[in-house]
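A.B. asks: Structure, please.
(2 chains, ligands or ions: 4)
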Amino acid sequence: MGWLFGDRNTAEPHRYAQTNGDIVSARVIQGDLFESLIPMLISSGYRVVAPTLDEGAIVYDVIDDAADLPIGWTDEQGPASYRSYDRGDDVYFGYSVGPRSLRAFLSPPHLTLLTITRGDTDLAFASDEHEGRAYAFVGVRACDLAALAIQDKVLVESRFVDAAYTSARSRSLVIAVNCSVAGATCFCASMGTGPRCSSGYDLVVTELVRGDAHEFVVESGTDAGADILGALGSREASPSDITDAADVSLATERAISTSMPDVDTYTLLTDNLEHSIWEDIAQRCLSCTNCTLVCPTCFCSTISDFTDLAGKATRTKSWDSCFSLDFSNLHGHPVRTSSSSRYRQWITHKLAYWYDQFGSSGCVGCGRCITWCPVGIDITEEIQRLDSEAQEVPV
Amino acid sequence: MPESSYLICTESPDVTQAAAVALAGLHEEMLPRPFRVRSKRMETIDTVTLEFEAADGGPPLSFQPGQFTMLYVFGVGEVPLSISGDPEAPGVLAHTVRAVGAVTNAICALVPGDSIGIRGPYGTGWPHAQGKDLLIIAGGIGLAPVRPLILNALAHRDEYFCVGLAYGSRSPGELLYTSELEAWNARGDINVQVTVDHGNPTWRGDIGVVTPLVRRLRCETDDTIAVICGPEVMMRVVARALEDRGIASNNIYVSLERNMECGIGLCGHCQFGKDFVCTDGPVFPYADVAYRLGIGAQ
Ligand SMILES: Cc1cc2nc3c(=O)[nH]c(=O)nc-3n(C[C@H](O)[C@H](O)[C@H](O)COP(=O)(O)OP(=O)(O)OC[C@H]3O[C@@H](n4cnc5c(N)ncnc54)[C@H](O)[C@@H]3O)c2cc1C
Ligand code: SF4
Ligand code: SF4
Ligand code: FES
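C.D. replies: Numbers count the residues shown, from 1 in each chain, chains lettered A, B, ... in the order given. Ligands and ions are numbered 1, 2, ... in the order given. Below is the predicted model of the structure:
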């Protein structure tokens, strides 16, 4: 096009494990897999992040041993509703995703970027560098693997690189789980991201409960995963183990009750930027920002400086949300003053402009925004409604 | 069956504490460099042009006309500012700043010797117009981001066909670079048209909006590049006037403004439809943004 571009940072794209969905070779490990795996990861220097109970919700957090896993617990989710309870069995992964996603660890809510010191003559800027312990993410679901791949695209493979994310991400280990229950707000199947994990893991486990036998079918996706698998006591999976593991995913997929309508959301949304549906949604939306804070692919942030009296300032990056009024401040007024324009901004980014920017949908179908919206606004329902209304009354 | 009392907040001590030890620092792209104020010139009652030089012994800040930097004032904050200096003399970094809020007021209060932080340059630049006619239409502070383009075109005047500038401001006292405007006009090889919304007793030039002046800018070729910089409404009206003159909308370029925090496409603040204004812009072909600008609240 002949116009000038600024200097671009063309960082090397990072590549993570890619495997296809077929079970090629699998091992079977007894029901106490995590009792040996978690101490092993900790003693190899990993900080283990796995689902655990926190204030009545099952969320990813740092755990010290397998007893911190919510064994026997399950959850019930719906629009604006979440409950967890003890089923009383010994199933390790009988629940779906909770409100916290892995970006809480890879792009934490608050992160110090740099410190600024005022010297006698000039300012000095020092980047806050500390390579700490690597994360081992345990119990990661297919939707969250897809979200990691999307965040890699945004934060690692863009023109400029988020160095903190890239460092933490490239050193982390991912031990995934194939879902055995479907939440009422899950719609991964219609987004093509789950419920079976197909790539992006070092190890993936499928929990098999057959009568009194409690076992895990384990497949590795990388050499690191294979090494760990090799260090654990396991036996070769039989054809029936493999069929039973595949059946867990099939049954879960059949149990999924929510789906994104099979429409071209890009065209639907960009053709209807001035549709009355945005006003209608704004009647319900509180602009509370919950949907963006629970979303595993959202990446918006704000930069703040904290200055002390001794001539030192700290620059931090914190999560921000396009639902905040001052997010779009310009010339003294927000560009998007109304809730309708902010909801439209959010959904058009997720389901339309994300394709232009990053080559995929920005939604992985985890359903978190539906569960944690205090008024139960459902992204799939709004697309359904826009689709039928747009067909009735062409605008 | 307890209803979860889980609060969605970004203040989980476990998470933050864990993250603090597991992350490495930021990329050099976001690390400001210390610069020092070299000179300061009052342009208008609320606008100054400051020249800065690197204070770290590092290389000068080479830039393309139209690009911007993020300028940091200690203890106050950081703002995006277009570079207003000569691209062929990047050892001096110039910014023309209007005091409208906390940071820009602090910038306008700087004096020679003061130290600030600069990161960039960021974003896209104005198009190449060598071998073509170049028309520049600016409003108010919008003359600052096109000044590097004008300086460059005048330094290589023989590489262009017609070069024209139409500049509008609210009042004579609010015109930027007045002595330079006169010097450009005196050269005779650039058509300089200036107008103000409200005149004063000594003002002998045009009064009114900038749009009618567009018609006075001559073109010799069918290949004219037009660049517009000013308030969004002004740019839309001028772009339509240029289209009416037969200039194709993909030969018309505008520079957009949105809230910016990172400047490098990672914070989401400047998102405008499919683009991040900081990396995909700020300079866009008008054809690419015309529809979006018409929708509003985007
Ligand atoms: C790519 C880009 C290039 C720019 N180049 C220049 C330039 O060359 N020279 C220049 O003077 N300004 C420029 N601006 C605008 C400048 O960034 C803002 O004026 C500045 O961010 C305001 O910060 P503040 O802390 O002074 O004001 P704030 O305290 O943030 O806001 C206070 C007041 O400032 C005004 N304000 C806030 N943001 C803007 C804005 N973006 N534009 C106009 N007024 C605003 C409002 O009236 C508000 O009430 C540019 C902006 C962008 C995005
Ligand atoms: S938009 Fe909703 S369903 Fe889609 S990834 Fe984000 S939180 Fe999950
Ligand atoms: S859609 Fe729901 S969760 Fe999102 S901002 Fe609106 S009310 Fe909050
Ligand atoms: S300013 Fe952060 S994405 Fe553009």
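A.B. asks: just to confirm, which helix or strand has A:Phe125 in it?
C.D. replies: Assigned by DSSP states H and E, A:Phe125 belongs to strand A:123-127.
A.B. asks: for that strand, packing partners?
C.D. replies: Where contact means 3 or more Cβ pairs under 8 Å, 6 or more residues apart in numbering or on different chains; DSSP states H and E, strand A:123-127 is packed against strand A:110-118, strand B:33-42, strand B:115-122. Using the backbone N, CA and C atoms, a C-beta is placed for each residue, glycine as well.
A.B. asks: how about a cut-off of 6 Å?
C.D. replies: Secondary-structure packing of strand A:123-127 (3 or more Cβ pairs under 6 Å, 6 or more residues apart in numbering or on different chains; DSSP states H and E): strand A:110-118.
A.B. asks: Can you confirm whether the strand it packs on lies near chain B?
C.D. replies: Yes. If you take Cβ under 6 Å from any Cβ of the partner chain as the test, strand A:110-118 does meet chain B, through A:His110, A:Leu113, A:Arg118.
A.B. asks: Tell me who's in contact with residue 116.
C.D. replies: Let's take chain A. A:Leu123, A:Phe125, A:Ala313 (Cβ atoms under 6 Å, 6 or more residues apart in numbering or on different chains).
A.B. asks: ah, no, chain B please
C.D. replies: Contacts for B:Ile116 (Cβ under 6 Å, 6+ apart) come out as B:Phe35, B:Val73.
A.B. asks: Quick one: neighbours of whatever residue of chain A ends up closest to ligand 1, just the number.
C.D. replies: Per Cβ to the nearest ligand atom, A:Gly332 is where chain A lies closest to ligand 1, at 3.0 Å. Neighbour count of A:Gly332, defined by other Cβ atoms under 10 Å in any protein chain shown: 7.
A.B. asks: coming back round to it: considering the residues of strand A:110-118 next to chain B, which possesses the most neighbours?
C.D. replies: Busiest of the residues of strand A:110-118 next to chain B [other Cβ under 10 Å] is A:Leu113, holding 23 neighbours.
A.B. asks: Against A:Tyr135, how distant is that residue?
C.D. replies: Distance of A:Leu113 to A:Tyr135, given as Cβ to Cβ, to the nearest Å: 20 Å.
A.B. asks: In this structure A:Glu279 contacts A:Ser338, no?
C.D. replies: No. Look at A:Glu279 against A:Ser338 with Cβ atoms under 6 Å: they stay out of range, at 8.3 Å.
A.B. asks: Domain map for chain B?
C.D. replies: B:32-122, B:133-294 (automatic domain parsing).
A.B. asks: To A:Val217, which of those lies closest?
C.D. replies: With respect to A:Val217, and counting by Cβ to Cβ, the nearest of these is domain B:133-294 at 38.9 Å.
A.B. asks: my read is A:Tyr343 is in a strand, agree?
C.D. replies: No. Counting by DSSP: H, G, I helix; E, B strand; the rest coil, A:Tyr343 is not found in a strand; it is helix.
A.B. asks: Go ahead and confirm it touches A:Ile281.
C.D. replies: Yes. With contact defined as Cβ under 6 Å, A:Tyr343 and A:Ile281 form a contacting pair (5.1 Å).
A.B. asks: Pick out whichever of these two has more residues nearby.
C.D. replies: Remark: of A:Tyr343 and A:Ile281, A:Tyr343 carries more neighbours, 24 against 19, as counted by other Cβ under 10 Å.
A.B. asks: what about the more buried one, distance to A:Arg284?
C.D. replies: 9 Å.
A.B. asks: ditto for B:Cys278
C.D. replies: In terms of Cβ to Cβ, B:Cys278 sits 33 Å off from A:Arg284.
A.B. asks: can you check B:Ala94 too?
C.D. replies: Taking Cβ to Cβ, one finds B:Ala94 at 50 Å from A:Arg284.
A.B. asks: same deal with A:Cys295?
C.D. replies: 18 Å.
A.B. asks: more neighbours, these two?
C.D. replies: A:Cys295 (23 against 13).
A.B. asks: Disregarding flanking residues, what is the spatial nearest neighbour of that one?
C.D. replies: A:Cys369 (5.8 Å; Cβ to Cβ, 6 or more residues apart in numbering or on different chains).
A.B. asks: so which strand or helix has that neighbour?
C.D. replies: Using DSSP H and E, A:Cys369 falls in helix A:368-372.
A.B. asks: Which secondary structure elements does that helix sit against?
C.D. replies: Packed next to helix A:368-372, using 3+ Cβ pairs under 6 Å, 6+ apart, are helix A:290-294.
A.B. asks: what about the nearest residue to B:Arg187 once chain neighbours are set aside, how many neighbours?
C.D. replies: Closest residue to B:Arg187 apart from its sequence neighbours, by Cβ to Cβ, 6+ apart: B:Leu154 at 7.2 Å. B:Leu154: 15 surrounding residues under other Cβ under 10 Å.
A.B. asks: Not counting residues beside it along the chain, what's closest to residue 288?
C.D. replies: Reading this off chain A. A:Pro374 (6.1 Å).
A.B. asks: let's do chain B instead
C.D. replies: B:Asn250 (7.7 Å).
A.B. asks: Confirm the one you found sits in a helix?
C.D. replies: Yes. According to three-state DSSP, B:Asn250 belongs to a helix.
A.B. asks: Now do it against ligand 4, distance only.
C.D. replies: Distance of B:Asn250 to ligand 4, given as Cβ to the nearest ligand atom, to the nearest Å: 23 Å.
A.B. asks: re earlier: quickly name whichever of the residues of strand A:110-118 next to chain B is closest to B:Ile228.
C.D. replies: A:Leu113 (35.1 Å).
A.B. asks: pretty sure the closest one is touching A:Thr314, no?
C.D. replies: No. Between A:Leu113 and A:Thr314 there is no contact under Cβ under 6 Å: 8.4 Å.
A.B. asks: Break down the chain into its helices, ranges please.
C.D. replies: No chain specified, so I'll use chain A. In chain A, helices defined by DSSP state H lie at A:33-43, A:103-106, A:142-155, A:163-170, A:188-191, A:223-231, A:239-255, A:265-270, A:277-284, A:290-294, A:339-348, A:354-358, A:368-372, A:379-392, listed in chain order.
A.B. asks: nope, chain B please
C.D. replies: Going by DSSP H, chain B shows helices at B:13-22, B:102-108, B:143-155, B:178-187, B:232-244, B:286-295.
A.B. asks: so can I have a markdown table of those showing mean pLDDT and distance to B:Thr195?
C.D. replies: Below are the helices of chain B laid out as a markdown table (pLDDT from 0 to 100; distance: least, Cβ to Cβ, whole Å):
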| stretch | mean pLDDT | distance to B:Thr195 |
| --- | --- | --- |
| helix B:13-22 | 44 | 55 |
| helix B:102-108 | 97 | 25 |
| helix B:143-155 | 98 | 13 |
| helix B:178-187 | 96 | 12 |
| helix B:232-244 | 96 | 12 |
| helix B:286-295 | 94 | 22 |
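A.B. asks: can you list contacts of stretch A:43-57?
C.D. replies: A:38, A:41-42, A:58, A:60-63, A:68, A:70, A:84, A:98-99, A:105, A:133-139, B:2, B:4-6.
A.B. asks: Of those residues, just the buried ones, ChimeraX syntax please.
C.D. replies: Restricted to buried positions by 16 or more other Cβ atoms under 10 Å in any protein chain shown, the ChimeraX selection for the contacts of stretch A:43-57 reads:
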select /A:38,41,42,58,60,61,62,63,68,70,84,98,99,105,134,135,136,137,138,139 /B:4,6
